[in-house]
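> return atomic coordinates for the entry below.
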Amino acid sequence: MRNLLNLTLILLCFSCKSTKDLSQFESLAELIIEVNDSEQLESFSNKLQKFKLNPESVFKDGSYYYDTENIKNQSFRGLSDDIKKKPEWFLLIDNLSDGKYIWEFDWKQRMDDIKWSLDQMAERKKYALPKLPEIQNENEKDTGALLGIINETLNKNGLTLINLYIDSDSYVTALIDKKNLEKIIAKASESGNKITEYKKY
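Now for the predicted structure:
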């Protein structure tokens with residue numbers, strides 16, 4: 001009986017700590033989603049809770065998968081220390097990517113592919129995209145440079161692209177209302193993570 005009581009107390013303490021931790025990421029997800037999408041938020045909350053109760057639902061043999069029960073359809077992110085230290089950050093990225101609120105671009109992406117992906121994210125929020133610029137010498141620029149140039153046009157129309165930083169050569173990107181930028185950056189910082197706005201360089 002005593003062992004059962006001790007186990008109950010441990011689980012209660014763990015739950016209290018988790019609630020505080022999860023609220024930061026849930027709040028951040030809500031800010032990035034922007035629109036009223038309770039289904040997406042519930043999906044993310046459920047994934048976080050499942051991970052807290054069973055880390056093996058995300059990690060298999062030390063490697064990160066969004067869902068170890070469905071590995072064939074998941075991206076393999078590997079064994080990096082960054083992922084092990086910040087699993088909730090990557091769960092947020094992968095969950096919102098599934099919902100088309102976030103897009104992960106390769107370091108070298110064709111402009112046509114970027115435009116198509118931006119259209120998908122804009123449609124999710126019912127945002128009207130302006131005509132995007134034609135970029136000279138596109139092949140000489142990496143994805144970050146292209147997104148910075150695109151952002152000059154988006155900013156004039158009240159929108160902006162943000163980068164959710166991961167230690168990788170890919171660009172994790174979300175399209176948001178420019179007026180929400182500072183709140184999103186601040187909330188990411190509260191959770192120990194980094195979000196920046198793409199700039200031309």
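> let me know the pLDDT of I71.
Note on I71: pLDDT of 80.
> contact partners of stretch 43-54?
Outside of stretch 43-54, the residues within contact range by CB atoms under 8 Å, 6 or more residues apart in numbering are 14, 18, 22, 25-26, 29, 57-58, 66, 87-88, 91-92, 95-96, 98-99. Glycine gets a C-beta too; all of them are placed from N, C-alpha and C.
> OK, contacts around the residue nearest the centre of the chain?
Residue closest to the average C-alpha location in the chain (CA atoms, centre = their mean): I93, at 2.5 Å. Contacts for I93 (CB under 8 Å, 6+ apart) come out as I102, E104, L164, I166, V172.
> next: G192.
Counted by CB under 8 Å, 6+ apart, G192 has contacts K86.
> please identify the helix or strand for the residue nearest to the centre of the chain.
helix 87-98 (DSSP states H and E).
> could you give the average pLDDT over that helix?
Per-residue pLDDT values over helix 87-98 give a mean of 96.
> pretty sure D94 contacts Y66?
Yes. D94 lies in contact with Y66 (CB atoms under 8 Å); the separation is 4.3 Å.
> rewinding a little: filter the contacts of stretch 43-54 down to just the buried residues.
Buried members of the contacts of stretch 43-54, counted by 16 or more other CB atoms under 10 Å: 22, 25-26, 29, 57-58, 66, 87-88, 91-92, 95-96, 98-99.
> any idea which of those is closest to N151?
L96 (19.4 Å; CB to CB).
> just to check, the closest one is in contact with I102?
Yes. Using CB under 8 Å, L96 is in contact with I102, at 4.3 Å.
> shared neighbours, these two?
With CB under 8 Å, 6+ apart, L96 and I102 have common neighbours I32, A174.
> residue contacts, W107?
Neighbours of W107 in contact, by CB under 8 Å, 6+ apart: D142, T143, G144, D169, S170, Y171.
> which of those residues sits closest to F76?
Of all the contacts of W107, F76 sits closest to S170, with 13.5 Å by CB to CB.
> show me where the chain has its strands.
Ranges of strands in the chain, per DSSP state E, are 59-60, 63-65, 76-78, 103-105, 159-164, 171-177, 195-197.
> for E123, find the nearest of those.
strand 171-177 (10.2 Å).
> can you tell me which helices and strands that closest one packs against?
strand 103-105, helix 111-125, helix 143-155, strand 159-164 (3 or more CB pairs under 8 Å, 6 or more residues apart in numbering; DSSP states H and E).
> quickly compare the ones you listed and say which is most buried.
Greatest average neighbour count among those goes to strand 159-164 (a mean of 21), per mean count of other CB atoms under 10 Å.
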